[in-house]
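In: Predicted structure and sequence below. I'll ask about it afterward.
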Amino acid sequence: MSLLSPPFYFLNPIRDYILTHAEPITAANCLRVVVVPFLPLWPQAYLLCCEGTRPYRAAIGAVGVALIAHTWSHYRFYELHFDAFNNGLLIAAIHLGLKYIEFGTLAAPIQDPWPARPTWLSAFDLCANSRMVGLGSVGLDTVSGPANVPRHAEPERWLPRPHTGRTRARALARHATRAAIGYVVLDGLLALLRLTGGDTLGRTGYTPNAFAAFSHSHRFTILPSGINYEAPHWLVELTAEASVPVVIWAALHTGYHIFGALALASGVYEVDAWEVDLMGNVFRADSIMDLWGRKWHQLMSLLLLFPFTPHAPPSSLADCAGRTRCVVALPMRPWSALRSVPRLPPLQLADPGTSGTSLFHALGELGMSTPPSPPKIILFFLLSGVGAALEVAFKTFTGRRVAGWPGRVWAWAYMLAIGRLACAAWLDAGMAACKFLPEHGPGERVARALVGTLIGVDT
């Protein structure tokens, strides 16, 4: 495949190697994929809790990155209905690789804010705590808050506020209930997309213009046994587009609360340690900056952070490397206009943050049989950064932050306008047809009940 041809252009040789050399993932080799690459992480995190261990951590990190590179390039799902998992596995591999690099390059140890924890549990928490909740400033990072010292854990100010003081039983019930709700929402929306768009969105593999054909090849009605209102094409497309981020939210939300329930059920974790939710109330975001920097998950933000603040820009590339936040983004001095903006979550202030996120998602498609259009995915995230930059400019020139109902209308109108790029890319690639969950689940039963009663579909 030519270096100048789509979908990945100069990265096509890497994709060709994966497609021709990777073995199919089966029950016999799945442990090599989901367990072996993680094995060096806990020893590396354990050493990160101790003084003078940087050379050993760097060596372990090199081994971890090598394991990830081997796994990524030699194993993949061949079945089209599992193709979305190729995307998820590679995104997880990139995330894990950056974590190995970060843990290997941090100079000073990280002190657990919960002093009573044994070191083995502190190391496990470092492995799982991608957002570094409650750790404060790590290494030379001056963005995350106060210094990293043993204290009662306090989440960074841009994370969802925790509700502390629950008993273990009540906290466990909360996680289990939210996981169950998220599962039903995820299962129901995926089933609804397949049921209403079986010959377009519900087909595996790449279907050109499937998203547009979905709304034009069917007649959708609301309450077919009652008012029988025929939904216009734009409303159908808007509804399908809005369902995509809800599916992503439900998947991450469900996984987080399942993990939280297991952690609390083990009895080794403090109850309050899992009270910071993965996401805030996404639908209450009143600006693009609020959406991406506060309400949406921050799992990758510390790995893709632009390594400066308006008050403390890095002095050199070496300074940035020491902070390990420039693994993806290139260092540069902040715009002078940003110096007057009150410090906000760093992801909101740096376009390289959205650049890194766009590359992160696009590179995750290298192992897919039918990848979504990388240019569309990249453009979507870059335009999100443009929207955030416009809000910074508004704050600079007016002295007022984008907020409230006007901000909410602006943010969601803008995100829905640019969201069509990512939505069409994912749905045209057959992502809705992938088997994320077992068939005949509770959400699918709800979806089947809705089709014919609340929603009518005529071909």
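Out: Received the coordinates, thanks.
In: Surely Phe259 is in a helix?
Out: Yes - counting by DSSP: H, G, I helix; E, B strand; the rest coil, Phe259 is part of a helix.
In: Now do the same contact list for it.
Out: Listed by C-beta atoms under 8 Å, 6 or more residues apart in numbering, the contact partners of Phe259 are Ala128. (Each C-beta comes from the backbone N, C-alpha and C, glycine too.)
In: So Gly407 sits against Ser287, correct?
Out: Yes - counting by C-beta atoms under 8 Å, Gly407 touches Ser287, with 4.6 Å between them.
In: higher neighbour count, these two?
Out: Per other C-beta atoms under 10 Å, whichever of Gly407 and Ser287 has more neighbours is Ser287, with 26 against 19.
In: okay, that one: pLDDT?
Out: Predicted confidence (pLDDT) for Ser287: 92.
In: Name the helix or strand for Ile248, please.
Out: Element membership for Ile248, per DSSP states H and E: helix 233-265.
In: Go through the next helix or strand after that helix and flag the buried ones.
Out: Later in the chain than helix 233-265, the nearest helix or strand by DSSP H and E is helix 288-290. For helix 288-290, burial by neighbour count (16 or more other C-beta atoms under 10 Å) applies to 288-290.
In: ok, Ala251 to Arg401 distance?
Out: From Ala251 across to Arg401, the span is 31 Å (C-beta to C-beta, to the nearest Å).
In: I'd like to know how many residues surround Leu189.
Out: Residues within reach of Leu189, counting by other C-beta under 10 Å, total 21.
In: same check, this time on Arg157
Out: Neighbourhood size, Arg157 [other C-beta under 10 Å]: 12.
In: Surely it is within a helix?
Out: No - the assignment for Arg157, made by three-state DSSP, is coil rather than a helix.
In: circling back to that earlier point, could you save the buried residues of helix 288-290 as TSV and add columns showing distance to Met132?
Out: TSV is the format used below for the buried residues of helix 288-290 (distance: C-beta to C-beta, whole Å):
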residue	distance to Met132
Ile288	24
Met289	21
Asp290	21
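In: and which of those residues is nearest Ala425?
Out: Using C-beta to C-beta, Ile288 is the member of the buried residues of helix 288-290 that sits closest to Ala425, with 19.9 Å.
In: And for Val451, nearest residue in space, chain neighbours not counted?
Out: Leu195 (5.3 Å; C-beta to C-beta, 6 or more residues apart in numbering).
In: Wait, that neighbour touches Ala447, no?
Out: Yes - counting by C-beta under 8 Å, Ala447 is a contact partner of Leu195 at 5.8 Å.
In: following the strand or helix carrying Ala389, which helix or strand comes up?
Out: Using DSSP H and E, Ala389 maps to helix 374-398. Sequence-wise, the next helix or strand downstream of helix 374-398 (DSSP H and E) is helix 404-428.
In: In contact with the nearest residue to Glu51 once chain neighbours are set aside: list those residues for me.
Out: Counting by C-beta to C-beta, 6+ apart, Glu51 lies nearest to Pro109, which is 5.7 Å off, once chain neighbours are set aside. With contact set as C-beta under 8 Å, 6+ apart, Pro109 has these partners: 48-51, 53.
In: Which PyMOL command selects the buried ones in those residues?
Out: A single PyMOL command selects the buried members of the contacts of Pro109 (16+ other C-beta under 10 Å):
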select buried, resi 48+49+53
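In: The residue nearest to Val451: what's it in contact with?
Out: Leu195 sits next to 202, 447-448, 451, 457 when contact means C-beta under 8 Å, 6+ apart.
In: Need the max-distance pair from those residues.
Out: Farthest apart among the contacts of Leu195 by C-beta to C-beta are Gly202 and Arg448. That separation is 13.8 Å.
In: Remind me which helix or strand Asn86 belongs to.
Out: Assigned by DSSP H and E, Asn86 belongs to helix 83-105.
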